[in-house]
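1. here is a sequence together with a model predicted from it:
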Amino acid sequence: MHQDQIPWDPSAFSLPPNDYIAHLVQVTDYHINRIGNCSVFDPTVFLEKLARTSSRSPPEASELWQVEQLSVIALGKLLLERGVTSLGPPGVREFLHGIKKLPPGIFLHQEPITAIETLCLLAIYAQAVDMHRVAYLYVRTISHHGRSHSLANDVDFRWEKHPALLVATKWTEAQQDGIFRPISTPLD
């Protein structure tokens with residue numbers, strides 16, 4: 001399937017019920033934040049935002065928040081469901097819909113921490129489904145985004161409050177060292 005081809009009608013796309021999203025948040029938190037030993041997003045903050053936006057229609061919520069929701073749903077489905085269908089791996093619809101809704105880079109600077117968390121979630125999904133180059137591009141964007149905000153040099157910045165940036169920075173270094181490069185992908 002070509003990346004510009006979407007195998008469904010995106011205008012007919014809708015989010016699952018909030019209780020199912022909350023379940024997927026817990027699954028993603030467990031597998032990524034706890035077992036994976038890297039804290040990419042704060043599930044408590046996520047669930048609070050979800051509760052606040054539950055009565056709103058999706059167009060009223062920020063695009064970045066919608067993409068973060070879709071990335072958590074995609075990862076949760078990938079971790080829960082088994083097997084690849086003719087449309088792709090579990091969660092691919094949400095992943096593709098999320099990247100289509102991702103605002104341009106200039107708008108990511110309005111919510112830097114949410115942008116970093118969202119891009120990190122997208123990178124983890126891409127890496128998990130063997131889209132290594134896409135994952136690398138998101139990680140590089142995260143690293144650049146953090147540097148442009150001088151987050152690592154900020155005296156008041158606490159890595160423990162925003163661990164997604166630390167994870168992405170370390171991941172970028174590992175990518176540059178070739179640790180995550182798939183064997184089947186030729187070096188350019």
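-> Here it is on my side, so go on.

2. what ranges does this structure have for its helices?
-> Using DSSP state H, the helices of the chain run over 18-28, 43-53, 63-80, 92-101, 105-108, 112-128, 132-148, 163-176.

3. now tabulate the ones you listed in TSV and tack on mean pLDDT.
-> Formatted as TSV, these follow (pLDDT from 0 to 100):
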stretch	mean pLDDT
helix 18-28	93
helix 43-53	88
helix 63-80	92
helix 92-101	92
helix 105-108	77
helix 112-128	87
helix 132-148	79
helix 163-176	58
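
4. indicate which one of these is closest to residue 86.
-> Between residue 86 and the helices of the chain, the tightest spacing by C-beta to C-beta is seen for helix 92-101, at 10.9 Å. C-beta coordinates here come from the backbone N, C-alpha and C atoms, glycine included.

5. hmm, back to that, now render the helices of the chain as JSON lines, adding distance to residue 86 and mean neighbour count.
-> JSON lines is the format used below for the helices of the chain (distance: least, C-beta to C-beta, whole Å; neighbours: other C-beta atoms under 10 Å):
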{"stretch": "helix 18-28", "distance to residue 86": "23", "mean neighbour count": "17"}
{"stretch": "helix 43-53", "distance to residue 86": "31", "mean neighbour count": "15"}
{"stretch": "helix 63-80", "distance to residue 86": "16", "mean neighbour count": "24"}
{"stretch": "helix 92-101", "distance to residue 86": "11", "mean neighbour count": "20"}
{"stretch": "helix 105-108", "distance to residue 86": "33", "mean neighbour count": "14"}
{"stretch": "helix 112-128", "distance to residue 86": "19", "mean neighbour count": "24"}
{"stretch": "helix 132-148", "distance to residue 86": "21", "mean neighbour count": "19"}
{"stretch": "helix 163-176", "distance to residue 86": "31", "mean neighbour count": "19"}
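
6. can I get those in TSV including distance to residue 34?
-> Converted to TSV, the helices of the chain look like this (distance: least, C-beta to C-beta, whole Å):
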stretch	distance to residue 34
helix 18-28	10
helix 43-53	10
helix 63-80	12
helix 92-101	22
helix 105-108	27
helix 112-128	14
helix 132-148	21
helix 163-176	13
